[in-house]
Each structure stands twice: as structure tokens, then as C-alpha cells.
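> Got a predicted structure here, sequence first:
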Amino acid sequence: MNNTIQKKSSKIVSDFLEKNNLHKKEFAQMIGVTLSYVYNLIDENVPFSTRSTTLERIATVMGINPEEFMEYQIPSEIESYGKNLLILKDLIKQNNMSILEFLKVFENKKRLEVVDILRGAKPFWIDLNELKRIGEILNIEKDEVFSMWKEQLREYLKDGGFNFEKNQELFNSMIKGAYEKIMQDV
């Protein structure tokens, strides 16, 4: 029998909020729930969520694995993390940023989307301007930002049924135009 007693999920969240001086309202926005729900979770007025989406969002914001919550059930369908997502997570670490610090760079209404991207539930950005912004935040060279964008665009088009063999000239033109745009000084 395991001699360690697992800390209650509500206590894990409460300790995180206190340690990071993070307001419950801001936390609620990051995970896509109401403020009253966060208060009720922490005060144990409602059972801690067993919904994998909510638990994964909470864990992502906290920078922990969702398995640390006793309520978490590993989904039967495992998300496929793209190469760019793994690169992004590594770059956040290389810049000595926590996930929370990275999230705070974004405006409130954008944070939930970023949380879902970081947990692998939404695709990585193909918006070149978003990637340029990420490059500035994480000190990524323009060439690397461009490579990330090109990889993501290729994956997006492939998933959408784009025939690279028949449309190679079109793809090359798009890539050339994007390269010129990203290499311009802003």
C-alpha cells in the first residue's frame, strides 16, 4: 500500500494560486470557467472536476501533469503533439519562463486559446503575426519562426487535402512571399 497520501486537488490549486499571487478571476479566465466555479472548487463546495478538458487546462496553467489530480482519468484517445508544440514548450523552458509567465504575456481573452494549444487540444498557430510575436517573446530568430510557420502550414494544408505534387508552384510562391514578409524589419 502506498504510504503517501495524495494532496487534495482543491488544495493543490489553492496553494498554486497563493504561491503565484494569481487572482482567482484571472485563473478562471485562463481555464475557461466562471469565477464562482473556482471559488467553489477551492472551498470544496462542489466536487473537483473529473472533466478531462478542465483538469488538463488547470494542469497546463500550473505547469504540471494532469495525472497529479486524483480525479484525472487518462483519455483513451491520446492527443498528438505536433513538433512545433514540443519546440514551443522547450523554448519556454529555455527562456526560464513558467507556463503561467508565458500565459500572462497574452491579453486575457487570448489566454484560454493558448492554454488549449499548449495542452495539444487546438492546433498550433498558422498565423504568421502570432508566430512573429511568439518569436519576440521567446527570443527566437526570424529564420526559426519562419521554419515553424512553414512546418505548421504544410501540416495544415496536408490535413486539408492539399496536393503538394499538383500545387508545388503555388506552395512555393506562398512560402516565398511569407519569407519576404517575416524577414522585413517590423
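Arrived safely, thanks for sending.
> now Ile31: how far from Thr50?
To Thr50, Ile31 is 15 Å away according to CB to CB, to the nearest Å. (Glycine included, C-beta is placed from N, CA and C.)
> more neighbours, the two?
Between Ile31 and Thr50, counted using other CB atoms under 10 Å, Ile31 has the larger neighbour count: 24 against 13.
> The more buried one against Leu55, yeah?
No - at 9.4 Å, Ile31 does not count as touching Leu55 under the criterion of CB atoms under 8 Å.
> And the residue nearest the centre of this structure?
Residue closest to the average C-alpha location in the chain (CA atoms, centre = their mean): Leu118, at 1.9 Å.
> How much space separates that one from Glu151?
To Glu151, Leu118 is 17 Å away according to CB to CB.
> Please apply the same query to Asn167.
Look at Asn167 and Glu151: by CB to CB, they are 17 Å apart.
> These two: who's more crowded?
Glu151 (16 against 13).
> list the contacts for that one?
Listed by CB atoms under 8 Å, 6 or more residues apart in numbering, the contact set of Glu151 reads 83-84.
> Please point out which parts of whichever strand or helix holds Lys181 sit buried.
Element membership for Lys181, per DSSP states H and E: helix 168-183. Residues 171, 182 are the ones in helix 168-183 that count as buried (16 or more other CB atoms under 10 Å).
> Not counting it itself, show me its contacts.
Counting by CB under 8 Å, 6+ apart, helix 168-183 makes contact with 128, 132, 142, 145-146, 149-150, 153, 157, 162, 164, all of which sit outside it.
> now the residues you listed in a markdown table, with secondary structure and pLDDT?
Conversion of the contacts of helix 168-183 to a markdown table gives the following (DSSP: H, G, I helix; E, B strand; the rest coil; pLDDT from 0 to 100):
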| residue | secondary structure | pLDDT |
| --- | --- | --- |
| Leu128 | helix | 79 |
| Lys132 | helix | 83 |
| Lys142 | helix | 84 |
| Val145 | helix | 84 |
| Phe146 | helix | 85 |
| Trp149 | helix | 85 |
| Lys150 | helix | 88 |
| Leu153 | helix | 87 |
| Leu157 | helix | 89 |
| Phe162 | coil | 92 |
| Phe164 | coil | 91 |
